[in-house]
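Peer 1: Next comes the sequence, and after it the predicted model I'd like to discuss.
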Protein chains: 2
Amino acid sequence: MSSQRPSDRGSPRRHDDVLGYLLKHAHMALEARTDAALAPLRVTARDMGALRVIAAGEARSQQEVAAVLGVDRTSMVALLDALEREGIVARRPFEQDRRRNVIELTEAGRKVFTEAEQTALAVEDEFVESLGADGANELRAALQSLLAETAQ
Amino acid sequence: MSSQRPSDRGSPRRHDDVLGYLLKHAHMALEARTDAALAPLRVTARDMGALRVIAAGEARSQQEVAAVLGVDRTSMVALLDALEREGIVARRPFEQDRRRNVIELTEAGRKVFTEAEQTALAVEDEFVESLGADGANELRAALQSLLAETAQ
DNA sequence: TATTGTTATACTCTATAACTATA
DNA sequence: TATAGTTATAGAGTATAACAATA
């Protein structure tokens, strides 16, 4: 194994021993690679977060999509505006409660999403390649464990 | 072990199986906890990134601090302005090259930093408690491995 | 000419408050 | 009255371009 946190707890840690730094920069590196790979499809890594929730049926209103992703409902408006302009999603009124919108992937949107998800998955696989399959699964499980206790 | 990535690669992944989501939200949760714990000391988790680099002597100019942390040199100006206003760091001209500033912790700054670093470390330890000592070290090592290959 | 720190500026992401239409 | 979506607005964080001082 490579370097771990030094046992000397009194001295200043190196910046790359700090978990916050590691999480932030790992996220930035993965997002940059994903955005570069998705650019030809005209969607971003951030868009894909919302599209996954919509495609998987994890939410049935804008606010539920926002809540699942942990973003504000007002931020969701602009994000969906852009996806609607690209013809990837469509809003239609929910008949049982006309205050809500049902968000759906269009026919074209489903095609873009399928291709983008394969692309994003390939980027992710390459990103974690050095960890091996077990290491990558352990990384995911560890992060899921941290988030599970945060939610409580 | 808990849930891993589903072997069914064709269907949409759940949002919390996506590595980018996990990295981003783990970072946000840790940063929120750290900022809350550091608030009485009037420094943020972001400040601590710069202060660690300065305290450890990893950089000897503003631009080197910015480069190590991967932020723009223009962003470093405002960050150091705030820390200087709080009396935590001081800029002084570097005699061998008067274009540069040497950034130093003040006497008061060293005290704040020492206390803040202990606080941040305690928050981090509690954050990763569910992983056990080995699990936490493996998480750090995995993230360091991902970043090492990104830099190339 | 090139570099360090700085300022001005703009763009993105996010958050708060207020509005509208529905319930 | 409360809720879903929207708009306006402001605050962070970041990035680009241009400037002064220095090399």
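Peer 2: Sure thing, it's come through. Numbering: from 1, shown residues only, chains lettered A, B, ... in the order given.
Peer 1: residues in contact with residue A:94?
Peer 2: By Cβ atoms under 8 Å, 6 or more residues apart in numbering or on different chains, the contact set of residue A:94 is A:60, A:61, A:100, A:101, A:102. Any C-beta I mention is one placed from the backbone N, CA and C, and that applies to glycine too.
Peer 1: which two from those end up farthest apart in space?
Peer 2: The most widely separated members of the contacts of residue A:94, counting by Cβ to Cβ, are A:60 and A:101 (9.5 Å).
Peer 1: quick one: low-confidence parts of chain A?
Peer 2: Of all residues in chain A, those with pLDDT under 70 make up the ranges A:1-10, A:151-152.
Peer 1: Would you mind listing what in it touches DNA strand D?
Peer 2: Contact residues, chain A versus DNA strand D (Cβ under 7 Å from any atom of the strand): A:61-63, A:73-74, A:76-77, A:80-81, A:91, A:97, A:99-101.
Peer 1: Pull the helix or strand where residue A:122 lies out as PDB, backbone CA atoms only.
Peer 2: Applying DSSP states H and E as the criterion places residue A:122 in helix A:107-127. In PDB, the C-alpha atoms belonging to helix A:107-127 read as follows (Å, rounded to 0.1, in the frame of the first residue of the first chain):
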ATOM      1  CA  GLU A 107     -37.600   9.800 -27.700                       C
ATOM      2  CA  ALA A 108     -34.400  11.600 -28.700                       C
ATOM      3  CA  GLY A 109     -33.500  12.200 -25.100                       C
ATOM      4  CA  ARG A 110     -33.600   8.400 -24.400                       C
ATOM      5  CA  LYS A 111     -31.200   7.800 -27.200                       C
ATOM      6  CA  VAL A 112     -28.800  10.600 -26.000                       C
ATOM      7  CA  PHE A 113     -29.100   9.300 -22.400                       C
ATOM      8  CA  THR A 114     -28.300   5.700 -23.300                       C
ATOM      9  CA  GLU A 115     -25.200   6.700 -25.200                       C
ATOM     10  CA  ALA A 116     -24.100   9.300 -22.600                       C
ATOM     11  CA  GLU A 117     -24.500   6.800 -19.800                       C
ATOM     12  CA  GLN A 118     -22.300   4.300 -21.600                       C
ATOM     13  CA  THR A 119     -19.700   7.000 -22.200                       C
ATOM     14  CA  ALA A 120     -19.800   8.100 -18.600                       C
ATOM     15  CA  LEU A 121     -19.500   4.500 -17.400                       C
ATOM     16  CA  ALA A 122     -16.500   4.000 -19.600                       C
ATOM     17  CA  VAL A 123     -14.800   7.100 -18.300                       C
ATOM     18  CA  GLU A 124     -15.500   6.000 -14.700                       C
ATOM     19  CA  ASP A 125     -14.100   2.500 -15.400                       C
ATOM     20  CA  GLU A 126     -10.900   3.900 -16.800                       C
ATOM     21  CA  PHE A 127     -10.600   6.400 -13.900                       C
END
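Peer 1: The residue sitting nearest the centre point of chain A: what secondary structure?
Peer 2: Geometric centre of chain A, nearest residue: residue A:49, 4.2 Å, by Cα atoms, centre = their mean. Secondary structure, DSSP: H, G, I helix; E, B strand; the rest coil: residue A:49 is helix.
Peer 1: And it, how close does it get to residue B:60?
Peer 2: Using Cβ to Cβ, to the nearest Å, residue A:49 is found at 40 Å from residue B:60.
Peer 1: try residue A:20
Peer 2: 24 Å.
Peer 1: Tell me which of those two has more neighbours.
Peer 2: A count of neighbours by other Cβ atoms under 10 Å in any protein chain shown puts residue A:20 above the other of residue A:20 and residue B:60, at 22 against 14.
Peer 1: The nearest residue to that one once chain neighbours are set aside: what's it in contact with?
Peer 2: Residue nearest to residue A:20 in three dimensions, not counting chain neighbours: residue B:30, with 5.4 Å by Cβ to Cβ, 6 or more residues apart in numbering or on different chains. Applying Cβ under 8 Å, 6+ apart, we find residue B:30 in contact with A:19, A:20, A:23, A:146, B:45, B:123, B:124, B:127.
Peer 1: Kindly report the same for residue A:49.
Peer 2: Counting by Cβ under 8 Å, 6+ apart, residue A:49 has contacts A:69, B:15, B:18, B:20, B:21.
Peer 1: Between which two of the contacts of residue B:30 is the distance greatest?
Peer 2: Greatest spacing in those, by Cβ to Cβ: A:146 and B:45 (15.9 Å).
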